[in-house]
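Novice: Let me see the structure of the following:
(chains A and B)
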Amino acid sequence: DAGVIQSPRHEVTEMGQEVTLRCKPISGHNSLFWYRQTMMRGLELLIYFNNNVPIDDSGMPEDRFSAKMPNASFSTLKIQPSEPRDSAVYFCASSPTLTTDYGYTFGSGTRLTVV
Amino acid sequence: DQQVKQNSPSLSVQEGRISILNCDYTNSMFDYFLWYKKYPAEGPTFLISISSIKDKNEDGRFTVFLNKSAKHLSLHIVPSQPGDSAVYFCAVTTSGTYKYIFGTGTRLKVLA
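Specialist: Model prediction:
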């Protein structure tokens, strides 16, 4: 299995532009999570889906952030408009179910820089 | 306010010695705890976990200890190897919430 695949690996964009991050979870995994990593706050959960349905988006920082999961093999995280403080590494993770004794499988992340 | 704290941003240990990484949490409702390891340019990978019904879980060179009264968990690596050099995150959750709350990480450097 190729694991959780995220694209792009790096994204540099100008303030005010729309940014779309992509994630392909592991086949057969029913739960998908979006995290953001910053130096100050570590890994923060933004939103998670179960069976393609958003379950909890309370971690999404602002209305500028939105996430979708149109099918079991694809999810997007969109920031519109982007701001310099959105610069961070964004991770997608998937799991067979919401509850697991073995944690989630993370992708390699997308490093976003907003200038 | 941070519910999970890893107060040591970094730690250096000599190869072959013990590495002890610490994690403190604030909410006694947390009942499942995990450690992840992260190499540069990669996502975190699951290392070891422990349920609140236990106070110790061992997997090879890695042992996690849980002190519920102190709201403290630790990860012991014995013996430490240079390949263990990475950032280690603790994560906590309450069963049924499906939310893992991560600490800010401790960067471990094992010196050869």
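
Novice: Give me the nearest residue to the residue nearest to the spatial centre of chain A, chain neighbours excluded.
Specialist: Nearest to the mean C-alpha position of chain A, counting by C-alpha atoms, centre = their mean, stands residue A:34 at 3.1 Å. If the residues on either side of it in the chain are set aside, residue A:34 comes closest to residue A:46, at 4.4 Å by C-beta to C-beta, 6 or more residues apart in numbering or on different chains. Heads up, the C-betas are built off the backbone N, CA and C, glycines and all.

Novice: you'd agree the one you found is up against residue A:60?
Specialist: Yes: because the distance of 5.3 Å satisfies C-beta atoms under 8 Å, residue A:46 is recorded as touching residue A:60.

Novice: so what sits against both of those two?
Specialist: residue A:67 (C-beta atoms under 8 Å, 6 or more residues apart in numbering or on different chains).

Novice: coming back round to it: can you pull the contacts of the residue nearest to residue A:34?
Specialist: Under the criterion of C-beta under 8 Å, 6+ apart, the contact partners of residue A:46 comprise A:34-36, A:57, A:59-61, A:65, A:67, A:77.

Novice: just residue B:34 next, same as before
Specialist: Applying C-beta under 8 Å, 6+ apart as the definition, the contact partners of residue B:34 turn out to be A:103, B:46-50, B:90-93, B:100.

Novice: Count the neighbours of the residue in chain A that chain B sits nearest to for me.
Specialist: Ranking the residues of chain A by distance to chain B (C-beta to the nearest C-beta) places residue A:106 first, at 3.0 Å. Counted with other C-beta atoms under 10 Å in any protein chain shown, residues neighbouring residue A:106 total 23.

Novice: how far does stretch A:44-61 stretch from start to finish?
Specialist: Taking C-alpha to C-alpha, to the nearest Å, the span from the opening residue of stretch A:44-61 to its closing residue is 10 Å.

Novice: near chain A, which residues of chain B?
Specialist: B:34, B:36, B:41-46, B:49, B:89, B:91, B:95-96, B:98-105 (C-beta under 8 Å from any C-beta of the partner chain).

Novice: What's the PyMOL syntax to select whichever of those residues are buried?
Specialist: To isolate the buried ones among the residues of chain B next to chain A in PyMOL, judged by 16 or more other C-beta atoms under 10 Å in any protein chain shown, type:
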select buried, chain B and resi 34+36+43+44+46+49+89+91+98+99+100+101+102+103+104+105
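
Novice: Can you pull the residues of chain A lying near chain B?
Specialist: That would be A:4, A:31, A:35, A:39-45, A:48, A:50, A:55-56, A:91, A:93, A:98-99, A:101-109, which are the residues of chain A within reach of chain B (C-beta under 8 Å from any C-beta).

Novice: Report the buried members of these.
Specialist: A:4, A:31, A:35, A:42-43, A:45, A:48, A:50, A:56, A:91, A:93, A:98, A:103-109.
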